[in-house]
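**Student:** Fold the following and give me the result.
(2 chains)
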There are 2 protein chains.
Amino acid sequence: MGVEERRQQLIGVALELFAQRSPDEVSIDEIAAAAGISRPLVYHYFPGKISLYEAALKRASEDLASRFVEPHEGPLGARLLRVMGRYFDFVDEHGPGFSALMRGGPAVSVGGVDSMSHVSTTNALIDSVRQAAYEQILSHLGIADPPARLDLVVRSWISLAESTALIWLDGRRIPREELEVQLVRDFAALMAVSAAYDTETRALLRPVLDGEPAGGPFGDLAARLIALVS
Amino acid sequence: MGVEERRQQLIGVALELFAQRSPDEVSIDEIAAAAGISRPLVYHYFPGKISLYEAALKRASEDLASRFVEPHEGPLGARLLRVMGRYFDFVDEHGPGFSALMRGGPAVSVGGVDSMSHVSTTNALIDSVRQAAYEQILSHLGIADPPARLDLVVRSWISLAESTALIWLDGRRIPREELEVQLVRDFAALMAVSAAYDTETRALLRPVLDGEPAGGPFGDLAARLIALVS
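**Tutor:** Numbers count the residues shown, from 1 in each chain, chains lettered A, B, ... in the order given. Down below sits the predicted model:
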C-alpha cells in the first residue's frame, strides 16, 4: 500500500474500533492488530495515538457534515426529518466514539496526558460540524444574515439535537425514529416560541411556514398543540 | 489567617479573576498578587493551579446548585422564571470562567498539560450541577420516577438552557431578561411537543398544567401559539 492508502486504512480501522468502545480504551496495539500490521509501522504513519485520533475525528466530522446536505425541494419539515435520519445513522454507527467526544472525555485524554493544541483541535472540529449544520439550516430557511434571536434559536436547537442523541445513546430507551421526528417538532416549537414574541422572527418565518402541508410534521404538530392546550 | 480561611480567600480571589478572563489566561502570580501574598505561599495552600482551579470550580458548582432551590409555592411557570433569573445572575457573574468550562476549554487545559483525573473531576462537577437541576425540576413536577420520554425532555431542556446562556455570553446581543422568560416558554413547548404524541407524558403533565394561571408564562404562551398557527 502507498502511504496515503495505508493512512486511510488505519483511520478506518480506528473508527471501527472507536464505534465499539470509547477511544481511551482502544490501544495502538489493537489498531495495529486489526489492520494486520506491526505496532512500529502504525507509528510510521501516525506519530502517536493523538494524531491518529485527530485524523479519525477529522474524517468523521467531514462524514457527518456531508449528511446535513439535503436538496432544496419539498416541505421543510420533511427535509429536516431526512437529515435527522442520517444524523441518527451517524450517531448509531459511531456510538461510543461520539459519546466520548461530546462529553469532553477521550477527545482530550487519549494517551493519558494531552496538550492544549489537541484540545483546540478537537474543539475546532466539533465547532466546524456545528457551523455546517447552522449554515445548512439557514440556507433552507432562505435567510442569509439572521438577526440575533433567530441565530440563537438555530444554534440552541443544534445543541438540543446533540444532547438528545447523547441521551438516546445512553441506554437507547426510546426508538430513534421517534426522536428523529421529535427533533423536527422541537425545531418548529422553539421557532414558534420565538416568533410568538418577536415580530422580526415572525415576519421571517411566516413565508417559510406557509409552505408547509397540514399533514407534515409542522402542520400536524400545530393541530395537536391546539388540541392539547384548548 | 488559618489554613482553611486562607484557602477560602484564595478560592474567592481566583473566582473573581476567572469572572473577568478565561482561567487559562490567569496566572498563579496574579492570584497571589490579588490575594496580597507571595507565589510560594499560594503553593503552600494549593499544590498547583489545577488544584486551585478545581477547588474554585467546586465552590462555584455548589453556589449554582443552591440557586436552583425554590419554594414549592405558586404557579410552576413563575417558580421556573425565578430560578432562571438566579441562573443568569450566576452566568453573568462568572462569564469567562463559565464559558471556558462549558466549552471544554480551560477546565481541561489549566497549566498547559493536564491529567485524565482532572478531566474526570471537572466533568463530575458539571454533571453534579446538571443532576441537581434535574432533581429540582422533577420535585417541582411532583414526579419521582420519570418515564424515559419525560426524563429526556427535562435533561435536554437543561442542555438547551446551558447553550442559550453560552450564546448569550458571546456578545450579549439579546437582553438576558428576555432569555430567562424564553427558557421558561421553551420548557413548556418541549414538554407540550412530547405530551402531544405520548399519552403517558400527557397524563403526567395534565395535573401540573391545570394549575397554571392563564396570565402566567405557560398560559400566555399557549394563547399566543394558538393565535400564531391559526
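**Student:** Okay, angle between the longest helix seen in chain A and helix B:116-141 too, please.
**Tutor:** Identified as the longest helix of chain A according to DSSP state H is helix A:116-141. Between the axes of helix A:116-141 and helix B:116-141, defined by axes from the mean of the first three to the mean of the last three C-alpha atoms, to 10 degrees, the angle is 40 degrees.
**Student:** separation between residue A:51 and chain B?
**Tutor:** Per C-beta to the nearest C-beta, to the nearest Å, residue A:51 is found 16 Å from chain B. Using the backbone N, CA and C atoms, a C-beta is placed for each residue, glycine as well.
**Student:** Strands along chain A, start to end?
**Tutor:** Ranges of strands within chain A are A:113-115, based on DSSP state E.
**Student:** hmm, which helix or strand of it has the shakiest average pLDDT?
**Tutor:** Here the helix or strand of chain A ranked lowest by mean pLDDT, DSSP states H and E is strand A:113-115, holding a mean of 53.
**Student:** Residue A:101: how many residues sit nearby?
**Tutor:** Using other C-beta atoms under 10 Å in any protein chain shown, residue A:101 has 24 neighbouring residues.
**Student:** Look at it and report its pLDDT.
**Tutor:** Listed pLDDT for residue A:101 reads 84.
**Student:** cool, and the one 10 residues further on?
**Tutor:** Per-residue confidence (pLDDT) for residue A:111: 48.
**Student:** which strands and helices sit next to the longest helix of chain A?
**Tutor:** Applying 3 or more C-beta pairs under 8 Å, 6 or more residues apart in numbering or on different chains; DSSP states H and E, we find helix A:116-141 packed against helix A:49-67, helix A:76-93, helix A:95-102, helix A:148-169, helix A:199-210.
**Student:** As CSV, those helices with distance to residue A:191 would be great.
**Tutor:** Below are the helices and strands packed on helix A:116-141 laid out as CSV (distance: least, C-beta to C-beta, whole Å):
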stretch, distance to residue A:191
helix A:49-67, 22
helix A:76-93, 10
helix A:95-102, 24
helix A:148-169, 6
helix A:199-210, 6
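**Student:** can you pull the buried residues of stretch A:5-16?
**Tutor:** Buried residues in stretch A:5-16, counted by 16 or more other C-beta atoms under 10 Å in any protein chain shown: A:6, A:10, A:11, A:13, A:14, A:15, A:16.
**Student:** Same check on stretch A:201-216?
**Tutor:** A:201, A:202, A:204, A:205, A:209, A:212, A:216.
**Student:** quick one: is it near chain B?
**Tutor:** Yes. Counting by C-beta under 8 Å from any C-beta of the partner chain, chain B has neighbours in stretch A:201-216: residue A:202.
**Student:** Need the contact partners of that stretch.
**Tutor:** If you take C-beta atoms under 8 Å, 6 or more residues apart in numbering or on different chains as the criterion, stretch A:201-216 is touched by A:75-78, A:141-143, A:146-147, A:149-150, A:153, A:191, A:194-196, A:218-220, A:223, B:228.
**Student:** Give me the below-cutoff pLDDT ranges for chain A.
**Tutor:** For chain A, the stretches with pLDDT under 70 are A:104-116, A:230.
**Student:** make it 80
**Tutor:** Within chain A, the stretches with pLDDT under 80 are A:103-119, A:208-211, A:217-218, A:226, A:228-230.
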